[in-house]
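A.B. asks: Pasting a predicted model and its sequence here:
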Amino acid sequence: MVALTFPDGARREYPKGSTGLDIAKKISPSLAKRTVAMALDGVLADLSDPIERDGKIEFLTREDPRALELIRHDAAHVLAEAVQTLWPGTQVTIGPVIENGFYYDFFRNQPFTPEDFEAIEKKMREIIARDKAFTKEVWPREEAKRVFRDKGELFKVELIDAIPEDQEIKIYKQGDWFDLCRGPHMNSTGKVGNAFKLMKVAGAYWRGDSNREMLSRIYGTAFAKQEELDAYLKQIEEAEKRDHRRLGREMDLFHFQEEAPGSVFWHPKGWTLYQILEGYIRRRQAAAGYVEVNSPQLMDSSLWVASGHMATFRDNMFLTQPREDDERTFIVKPMNCPGHIQIFKNGLKSYRDLPFKLAEFGKVHRFEPSGALHGLMRVRAFTQDDAHVFITEGQIAAEALAMNNLILSIYQDFGFADVTIKFSDRPDKRIGEDAVWDRSEAALMRALKTSGRAWTLNKGEGAFYGPKLEYVLRDAIGRDWQCGTVQVDLNMPGRLGAFYIDEHSNKVTPVMLHRAMFGSLERFIGILIEHHGGHLPLWLSPLQGVVATITDDADAYAREVIDAALQLGLRVEGDLRNEKINYKVREHSLAKVPALLVVGRKEAADRTVSIRRLGKDGQSVLALDALLRSLLEEAVPPDMRRMNQAA
RNA sequence: GCCGGGUUAGCUCAGUGGUAGAGCAGCGGUUUUGUAAACCGUUGGUCGGGAGUUCAAAUCUCUCACCCGGCACCA
């Protein structure tokens, strides 16, 4: 017998080997009917699994949040059957559940197009309506390989070969169709329901390897209820309105054009925002003891050969020769570190000079693959809020911790509380001895653990010269973007001949920490725009207010208001056009102007302003002086607000 | 870079082999206006570039560029 504990605390015994379904039936026929899967000690399992040992048992209905991944996984199987029914000869590969749905990768000479979705969805509904039971079988390894090979499913054969010897080869059948799968599944295809939708097609490499076959991937999503699917689709629609590329145009911040793929044309308002951010970082890092420098845009390739960049990233750098008959090749800098090492090397450095903290708003160029470009988020020319800190090995943990704290405090000022930290250790392609990597990884890990922040391991994803911490922010449509980074480098200073004199008059190679906080100014601006949906807080808004007139009788007063605001350092413009106030309100609201200062005959007579704030209906009338003072107060950047309070 | 989908007026988009369209914007007028689109008139296009098929190409084919969605890449 096995003793099972139920969610209500009841404990009952059943014959060993009873299946979940047996037990559910004994409890009540209606439970057996409603339940789609079970959880044993919290782990999802098939209802048909025999229960061999004591533990906690729970029956899941399809409305249970934990059943969602089963609905999606089952939907992936139904999708695969539908596709193979419609296009025999298509090979199936893998079909996992992902964050907001599922996908299935197929191998077929003719890739799918969105026009195929209607037919596929129709076939899926048929399969679901047929409501065949999902049944699990365990096949002998060689038998399984033979069956799939005979069916022409060569990718499945490869998958079976990749399953460790001590694991079973599990097959799930739904009627005549079957698939290799680790499960679990619900008890029948009918449980998938009809709240599913195919979303998009995409190419994807087999096993994520760009040297292998290109598969055709179909993405879909599924929910327990139609209302949930509708809500999800609505949410995607809303997210699209926050897209920084769209808002960038609507707010007149920047544009891109063919002649400069991956490079930004900053318009006046966009460049104002850029400068506000640069100014903010400049204040924060000065307060943290950094000094700002500037290093050359073009440097001889020999420097990049010595640093190791040439060997690793040659195809991703812009090389240039001023004239065809010139023998020197210059490289447009893809990083600032070699330049900063030159500044460190210029003049003899003592251990007393450490930590030596150099910062630069360095504009770097990287020849990113064309398919990687994505608005401001992934560009070929961008500005790093970069810094390199030269220290002794013993100072690594303390300095890395200080960087970590500075970075997190900066994200807080922008309202990003939920930041993911990744620890990336040594990659396959790297420079330097393993013993050196051991030391740098250990020191960085010490700093990370001291910070007390949650983190995840990003195995093998470190830079070629050292391990790194990556700070990841999420955009409006759920995509993650790496922003800040702290990297420990025990390799490059030595390769470029940097040294300091220690207390015993010995030449010692310094350790270098690479640090970025926004990472890329461009990317950070993109994330900020999406995070706020264009409704930037006043201190960041490039245009803080528009003074709009109701009739031209108020023009003179409006000019006075504009001038008074400008004199106080507020960023305002006037709108004295011959248009109705409704028209002006609409236009400036669409352009996300935070404050609309409306003046008509009344305001001119009373020396007041009617202010309407973005996103709010209605307005309030304030005396001009009071209004300007309140806007000015609100526009103070968070770091300066703290400084003012401290002073 | 790879797979798929795109590129038509400043913007959003219609137009499947037979004379390039709409709305908004712009411009010219009228209107002097009270918190999310006043009214009338009107300009504007090598249909992304190049080549081909055809009596005839925005439309079919090839090619290049760029954009979008993924994949791969991301110092």
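C.D. replies: Here it is on my side, so go on.
A.B. asks: where does the stretch 401-550 of chain A dip in pLDDT?
C.D. replies: Applying pLDDT under 70 to the stretch 401-550 of chain A picks out residues A:475-478.
A.B. asks: Helices of that one, start to end?
C.D. replies: Ranges of helices in the stretch 401-550 of chain A, per DSSP state H, counting those that start in this stretch, are A:434-451, A:492-495, A:521-532.
A.B. asks: What of the stretch 201-350 of chain A?
C.D. replies: A:226-241, A:244-250, A:268-287, A:301-307, A:309-313, A:337-345.
A.B. asks: what number of residues lie near the residue of chain A at minimum distance from RNA strand B?
C.D. replies: The nearest approach of chain A to RNA strand B comes at A:Gly371, 1.8 Å away (Cβ to the nearest atom of the strand). C-betas here are computed from N, CA, C, even on glycine. A:Gly371 has 8 neighbouring residues, counting by other Cβ atoms under 10 Å.
A.B. asks: cool, and the one 3 residues further on?
C.D. replies: One way to gauge burial is a neighbour count; for A:His374, by other Cβ under 10 Å, it gives 16.
A.B. asks: before we move on, what about A:Phe148?
C.D. replies: Neighbours of A:Phe148 (other Cβ under 10 Å): 25.
A.B. asks: next structured bit after the helix or strand that contains A:Leu628?
C.D. replies: Following DSSP states H and E, one finds A:Leu628 within helix A:624-634. Next in sequence after helix A:624-634, counting helices and strands by DSSP H and E, comes helix A:638-646.
A.B. asks: From the rest of the structure, what touches stretch A:314-332?
C.D. replies: Residues outside stretch A:314-332 that contact it (Cβ atoms under 8 Å, 6 or more residues apart in numbering): A:297-301, A:303-304, A:309-310, A:334, A:365-368.
A.B. asks: how deep is A:Glu240 tucked in, by neighbour count?
C.D. replies: A:Glu240 has 11 neighbours, counted by other Cβ under 10 Å.
A.B. asks: same question but for A:Asp166, I mixed them up
C.D. replies: Using other Cβ under 10 Å, A:Asp166 has 5 other residues around it.
A.B. asks: So what's the predicted local confidence for it?
C.D. replies: In this prediction, A:Asp166 carries a pLDDT score of 93.
A.B. asks: swap in the one 3 residues further on?
C.D. replies: In this model, A:Ile169 is scored at 96, pLDDT.
A.B. asks: repeat for A:Asp325
C.D. replies: The model reports A:Asp325 with a pLDDT of 82.
A.B. asks: any idea which element A:Gln384 lies in?
C.D. replies: According to DSSP H and E, A:Gln384 maps onto strand A:381-391.
A.B. asks: Now do that strand: which elements does it pack against?
C.D. replies: helix A:268-287, helix A:337-345, strand A:356-365, helix A:396-413, strand A:511-520, helix A:521-532 (3 or more Cβ pairs under 8 Å, 6 or more residues apart in numbering; DSSP states H and E).
A.B. asks: same for the second one, what does it pack against?
C.D. replies: With contacts defined as 3+ Cβ pairs under 8 Å, 6+ apart, the secondary structure elements packing on helix A:337-345 are helix A:301-307, strand A:356-365, strand A:381-391, helix A:492-495, strand A:511-520.
A.B. asks: what residues does it touch?
C.D. replies: By Cβ under 8 Å, 6+ apart, the residues outside helix A:337-345 that reach it are A:293, A:295-296, A:299, A:303-304, A:306-307, A:309, A:333, A:356, A:358, A:360, A:362, A:386, A:388, A:390, A:489, A:492-493, A:496-498, A:510, A:512, A:514.
A.B. asks: That one: which residues count as buried?
C.D. replies: A:Cys337, A:Pro338, A:Gly339, A:His340, A:Ile341, A:Gln342, A:Ile343, A:Phe344 (16 or more other Cβ atoms under 10 Å).
A.B. asks: Return the angle between stretch directions for that helix and strand A:511-520.
C.D. replies: Relative orientation of helix A:337-345 and strand A:511-520, computed by axes from the mean of the first three to the mean of the last three Cα atoms, to 10 degrees: 130 degrees.
A.B. asks: which one is the most centrally placed residue in chain A nearest to, not counting chain neighbours?
C.D. replies: With distances taken as Cα atoms, centre = their mean, A:Asp480 lies nearest the centre of chain A, 0.6 Å away. Distance criterion Cβ to Cβ, 6 or more residues apart in numbering; nearest residue to A:Asp480, sequence neighbours excluded, is A:Val472 at 4.9 Å.
A.B. asks: The nearest residue to A:Asp41 once chain neighbours are set aside - how many residues pack around it?
C.D. replies: Distances taken as Cβ to Cβ, 6+ apart put A:Gly55 closest to A:Asp41, at 4.5 Å, once the chain neighbours are dropped. A:Gly55 has 15 neighbouring residues, counting by other Cβ under 10 Å.
A.B. asks: before we move on, what about the one 3 residues further on?
C.D. replies: When neighbours are counted by other Cβ under 10 Å, A:Glu58 registers 19.
A.B. asks: Pop the domain breakdown of chain A in here.
C.D. replies: Chain A breaks down into these domains under automatic domain parsing: A:2-61, A:68-231, A:254-531, A:545-643.
A.B. asks: just how off-centre is the second one within its chain?
C.D. replies: So that's domain A:68-231. Taking Cα atoms, centre = their mean, to the nearest Å, the mean C-alpha location of domain A:68-231 is offset from the chain mean by 27 Å.
A.B. asks: So which bits of the stretch 101-250 of chain A are right by RNA strand B?
C.D. replies: Taking Cβ under 7 Å from any atom of the strand as the contact definition, the stretch 101-250 of chain A meets RNA strand B at A:111, A:113-114, A:200-205, A:208-210, A:214, A:216-217, A:245, A:249.
A.B. asks: what does the stretch 251-400 of chain A put close to RNA strand B?
C.D. replies: A:256, A:258, A:261-262, A:309, A:312-313, A:316-317, A:334-335, A:337, A:366-375, A:378.
A.B. asks: Adding distance to A:His73, write the helices and strands packed on strand A:381-391 out as CSV.
C.D. replies: Output for these, formatted as CSV (distance: least, Cβ to Cβ, whole Å):
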stretch, distance to A:His73
helix A:268-287, 43
helix A:337-345, 45
strand A:356-365, 43
helix A:396-413, 35
strand A:511-520, 35
helix A:521-532, 30
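A.B. asks: circling back to that earlier point, comparing the helices and strands packed on helix A:337-345, which stretch has the densest surroundings?
C.D. replies: strand A:511-520 (a mean of 26; mean count of other Cβ atoms under 10 Å).
A.B. asks: Report the inter-axis angle for that one versus helix A:521-532.
C.D. replies: 50 degrees.
A.B. asks: Who are the packing partners of strand A:511-520?
C.D. replies: With contacts defined as 3+ Cβ pairs under 8 Å, 6+ apart, strand A:511-520 has these neighbours: helix A:268-287, helix A:337-345, strand A:381-391, helix A:396-413, strand A:480-489, helix A:492-495.
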